[in-house]
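Colleague: the sequence and its predicted three-dimensional model are supplied below.
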Amino acid sequence: MSPNRRNLLVGITVMVGLVGLATMLIKFGGTTVEFIHGGEQVKVQLISDRADGLTEGAQVLYRGVSVGRVTSVRRDNNNLDVIIDTLIASNLPGNVTGRIRTLSLVSGISAIELELTGGIDAKPEGTLPDGGKLPAKFVGVDLIPPEITAELSSAGDLIKGLNSYVNDPTIHQNLQASIESIHDITEKVRHFSDRLDKISDEANSTLTDTHAAVRATQADVDKLSRQIDDRMLQISKSLDTFESITNKINKGQGTAGLLLNDPKLYDSLVENSRQLNLTIADLKRLIEQWEQEGVSFKLK
């Protein structure tokens, strides 16, 4: 056999082997489960809307651990639901639901995952009854964890709510009114700021004038103070002169001192005053006599 023919046969053999291996992987890739599970098992039916890629022998998982297998997959008589018969470990909680998830995009093989109802905060309750029925749902590839899916769903609901809130005509009107009010307030604040600047300038000018007036008043006060000082100096000099005159009078110096301090002069003044009073009395009597008797003249 020539080398070329031998190489061709080897190549064909390898290709057939690869095709056979790929076929076996596609056919049995999802059925490599443990058919013997330790402990007692119960028969449980799962009711789903569809069961793409789910075949007899497919795995039943709980928290990533194989706990059973699919025994049969068939349509319900109502032609709406799919009935999935399984054998599952009896020590599982009773508050679980099934999710049919695609394990491989190449083979399309699916498996059933049992999850607690009530979300990630749910607690296991009860046990699976023999012959019981559980709801199930086909989720496909479902690469995103359910927790993140729930968060995304909540975020989507929030975005929808915001959209409906933003698209509300009443909200638009209120928002427009609020914007206009803010614009008016901004304008008023700007005008007030301009007015405040003007008032500040006027206040500065008034303060400047006040400072000038205060300086002028201070100058007048200083001038008046100097004049008062001059007057007080003159009064002080006058008082000193008066005090000097008083001292001289008290000491009998000068004419006024002699007049005030000479006792003879005082006695003379008293005697003269007495004589003057007597003369005035005589003159008064004479005038009264003249009025009563008349005036008589003696001719010689």
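Modeller: Sure, I can see it. Keep in mind that what you see is a predicted model, and the values were worked out from it rather than measured.
Colleague: and Ser90, how close does it get to Val96?
Modeller: 13 Å (C-beta to C-beta, to the nearest Å). For every residue, glycine as well, the C-beta is placed using N, CA and C.
Colleague: I misspoke; the intended subject was Ile109.
Modeller: Taken as C-beta to C-beta, the span from Ile109 to Val96 is 22 Å.
Colleague: could you check which of Ser90 and Val96 has the larger neighbour count?
Modeller: Val96 (22 against 17; other C-beta atoms under 10 Å).
Colleague: so what sits opposite that one in the bridge?
Modeller: Leu116 (DSSP bridges).
Colleague: which residues does it contact?
Modeller: Tyr62, Leu114, Glu115, Leu116, Thr117, Leu128, Leu134 (C-beta atoms under 8 Å, 6 or more residues apart in numbering).
Colleague: and if we set it to 10 Å?
Modeller: 44, 62, 88, 113-117, 122, 124-126, 128, 134-135 (C-beta atoms under 10 Å, 6 or more residues apart in numbering).
Colleague: Thr86: how many residues sit nearby?
Modeller: Neighbour tally, Thr86, other C-beta under 10 Å: 25.
Colleague: need the three-state assignment for it.
Modeller: At Thr86 the chain is in strand, as set by DSSP: H, G, I helix; E, B strand; the rest coil.
Colleague: gap between it and Ser110?
Modeller: 13 Å.
Colleague: overlap of the contact sets of these two?
Modeller: With C-beta under 10 Å, 6+ apart as the test, Thr86 and Ser110 both reach Ala58, Gln59, Val70.
Colleague: buried subset of these?
Modeller: Listed as buried from these are Ala58, Gln59, Val70; burial here means 16 or more other C-beta atoms under 10 Å.
Colleague: return the subset of these lying in strands.
Modeller: Gln59, Val70 (DSSP state E).
Colleague: pLDDT and distance to Ser225 added to the buried ones among the shared contacts of Thr86 and Ser110, as a markdown table?
Modeller: As requested, those are exported to a markdown table (pLDDT from 0 to 100; distance: C-beta to C-beta, whole Å):
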| residue | pLDDT | distance to Ser225 |
| --- | --- | --- |
| Ala58 | 93 | 117 |
| Gln59 | 93 | 114 |
| Val70 | 95 | 119 |
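Colleague: hmm, back to that, who wins for neighbours among the contacts of Val96?
Modeller: Ile88 (26 neighbours).
Colleague: ok, what's across the strand from it?
Modeller: Where Ile88 sits in a bridge, its partners, by DSSP bridges, are Val42, Gly68.
Colleague: I'd say it and Glu113 touch.
Modeller: No: with contact defined as C-beta atoms under 10 Å, Ile88 does not reach Glu113; the gap is 12.0 Å.
Colleague: now do the contacts for the closest residue to Leu87 other than its chain neighbours.
Modeller: Counting by C-beta to C-beta, 6 or more residues apart in numbering, Gln41 is the residue found nearest to Leu87 once chain neighbours are left out, at 4.7 Å. Taking C-beta under 10 Å, 6+ apart, we find Gln41 in contact with Val67, Gly68, Arg69, Thr86, Leu87, Ile88, Ala89, Ser90, Asn91, Leu128, Asp130.
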